[in-house]
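[1] Okay, predicted coordinates and the sequence, questions at the end:
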Amino acid sequence: MKDGEKILIFNVNWVGDVLFSTATIRNIRRNFPESYIACIVPSRCYPVLKGNPHLDEVIIFDEKDRHAGIFKQMDFIRLLKSKRFDKVFLLHRSFSRALICRLAGIPERIGYDTKKRGFLLTKKFKPPKMDAMHRIDFYLNIIENAGLKVEDRYTEFFIGDEDEQFVGDFLKKNSVGANDLLAVINPGGNWPPKRWPKEYWAELADKLITDFKAKVVIPGARNDINLAQSIKSLMKGAPVLACGALNLKQLAALAKRSDIFITADTGPLHIANAAGAKNIIALFGPTDPQLTGPYPLKNTIIIRKDVGCKIPCYEVHCKDNRCMKAILPEDVIKEVRFVIKNEKNK
């Protein structure tokens, strides 16, 4: 394999999955230390890769926004063509991404033979069976099949001093001191079946405040503001609402600063893990931690209940959400007690 090439990585669309792909990015860089390496992601995932030292460039592709429509996509293809990439690793399984790379004239196109796109690839591999391996390995498997050496499989998320300073100032303004027990609860999620009931979050947060004298912070995106306010309205105590106040880098800094980070299976879970959060409690319902759980698990406690459903379940419009409702606030509090006891014994 030649070094000094121009290499493109066409990444996937979701924050957690892009975070899983950082292991692939790092291992590609190890195989091509002198090459120019760029990566394509949607704008919502840009912060995941911003500041990643293994990349020379991050390119934005938003097929439903700034690149919606054939004319905008042709402009994007012309942009890629002008960059003269030698090869592309297609982590995304879609037909359209492979077609874009073919039309952009990238000579070597490497990826899974999915979506009837095999004729667009120069190196194609049969994809593993659905849900046969962790997402980290699903992406690493592509480069391994292409003949690259894979040395490790952990995720990375890079934050700067300015992000930690911003979070420190934010907490200070909200009367959270350096010696306070800081519990961060993340109630949001990209699809409803993975969300824990807001009534449970409210009960949990009140117990954290009353039983452990914790300061509770609720982060999230702007579209989580109503959810956070609903949780607060159900509480006796007063949490700090941070929805819309922190970007992903600052969320990572908050997770790193926290004593306990409690969340369902969503992007912030994996950001917290990659950023080095001290203690994570993760609530799993319709998804399988063996496939999409945080890795490594050394600081993470997984809570899930068997309610007789097939897992993973992709029923986005599930009516009863019983797999998440089966996890009770007291189940989480039990693990919080365990975490705090362990911290005191360190």
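    That came through fine.

[2] For D211, which residues are in contact?
    Each residue near D211 by CB atoms under 8 Å, 6 or more residues apart in numbering is listed here: I333. Backbone N, C-alpha and C define where each C-beta goes, glycine included.

[3] Secondary structure class of it, three-state.
    Following DSSP: H, G, I helix; E, B strand; the rest coil, D211 is assigned to helix.

[4] What of the one 5 residues further on?
    When states are read from three-state DSSP, the local structure at V216 comes out as strand.

[5] That one against A202, yeah?
    No. With contact defined as CB atoms under 8 Å, V216 does not count as touching A202 (10.4 Å).

[6] okay, these two: which has more neighbours?
    Each of V216 and A202 has its neighbours counted (other CB atoms under 10 Å); V216 has more, 28 against 22.

[7] I'd like the distance between that one and R93.
    Using CB to CB, to the nearest Å, V216 is found at 39 Å from R93.

[8] what's the answer for K124, then?
    Relative to R93, K124 is positioned 12 Å away (criterion: CB to CB).

[9] Do you have the strands of the stretch 101-250 of the chain handy? List them.
    With strands called from DSSP state E, counting those that start in this stretch, the stretch 101-250 of the chain shows them at 108-112, 123-125, 182-186, 215-218, 240-241.

[10] Show me what the first one packs onto, helices and strands only.
    Of the remaining helices and strands, those touching strand 108-112 by 3 or more CB pairs under 8 Å, 6 or more residues apart in numbering; DSSP states H and E are strand 87-90, helix 95-103, strand 123-125, helix 135-145.

[11] May I have the strands that pair with it, each with its orientation?
    strand 87-90 (parallel), strand 123-125 (parallel) (DSSP bridges).

[12] Those into CSV, with extra columns for mean pLDDT, distance to V316 and mean neighbour count?
    Converted to CSV, the strands paired with strand 108-112 look like this (pLDDT from 0 to 100; distance: least, CB to CB, whole Å; neighbours: other CB atoms under 10 Å):
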stretch, mean pLDDT, distance to V316, mean neighbour count
strand 87-90, 98, 25, 26
strand 123-125, 96, 29, 17
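
[13] Of the ones you listed, which is nearest H317?
    Of all these, strand 87-90 sits nearest to H317, with 30.2 Å by CB to CB.

[14] so V41 makes contact with L49?
    Yes. Counting by CB under 8 Å, L49 is a contact partner of V41 at 6.1 Å.

[15] what residues do those two have in common as contacts?
    With CB under 8 Å, 6+ apart as the test, V41 and L49 both reach 11, 18, 58.

[16] which helix is the longest one in the protein?
    Ranked by residue count under DSSP state H, the longest helix found in the chain is helix 329-345.

[17] quick one: it to chain centroid distance?
    Distance of helix 329-345 from the chain centroid (CA atoms, centre = their mean, to the nearest Å) equals 25 Å.

[18] number of nearby residues for I333?
    Around I333 there are 17 residues (other CB under 10 Å).

[19] quick one: it and F212, what's the gap?
    9 Å.

[20] Could you save the strands paired with strand 108-112 as CSV and add columns showing distance to K236?
    Formatted as CSV, those follow (distance: least, CB to CB, whole Å):
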stretch, distance to K236
strand 87-90, 51
strand 123-125, 55
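
[21] right, and those - which one's nearest S230?
    Using CB to CB, the strands paired with strand 108-112 put strand 87-90 closest to S230, at 40.7 Å.

[22] where does K298 land on pLDDT?
    For K298, the pLDDT comes out at 82.

[23] Tell me the secondary structure at it.
    coil.

[24] For it, the count of nearby residues, please.
    The number of residues packed near K298 is 8, by other CB under 10 Å.

[25] And the longest helix of the chain, what does it pack against?
    helix 198-212, strand 260-264, strand 280-283, strand 300-303.

[26] That one: which residues count as buried?
    For helix 329-345, a neighbour-count test (16 or more other CB atoms under 10 Å) marks 329, 331-333, 335-336, 339-340 as buried.

[27] what's the answer for stretch 110-128, then?
    For stretch 110-128, a neighbour-count test (16+ other CB under 10 Å) marks 110-114, 117, 120-121, 123-125 as buried.

[28] how deep is E199 tucked in, by neighbour count?
    E199 is flanked by 13 other residues according to other CB under 10 Å.

[29] Next: M324.
    Using other CB under 10 Å, M324 has 25 neighbouring residues.

[30] Hmm, K194 and it touching each other?
    Yes. Counting by CB under 8 Å, K194 is a contact partner of M324 at 7.2 Å.

[31] Report the set of residues contacting both of those two.
    Here M324 and K194 have 264, 285-286 as joint contacts, going by CB under 8 Å, 6+ apart.

[32] For the spatially closest residue to K50 that is not a sequence neighbour, name its beta-bridge partners.
    Take K50 and drop its neighbours on the chain: the residue closest to it by CB to CB, 6 or more residues apart in numbering is V58, 6.8 Å away. Assessed by DSSP bridges, V58 has beta-bridge partners C39.

[33] Then L254 would be within a helix, right?
    Yes. Under three-state DSSP, L254 sits within a helix.

[34] Could you measure from it over to N299?
    Taking CB to CB, one finds L254 at 16 Å from N299.

[35] Tell me which of these two has more neighbours.
    Set side by side, L254 and N299 give different neighbour counts by other CB under 10 Å, the larger being at L254 (31 against 15).

[36] Great, nothing more from me.
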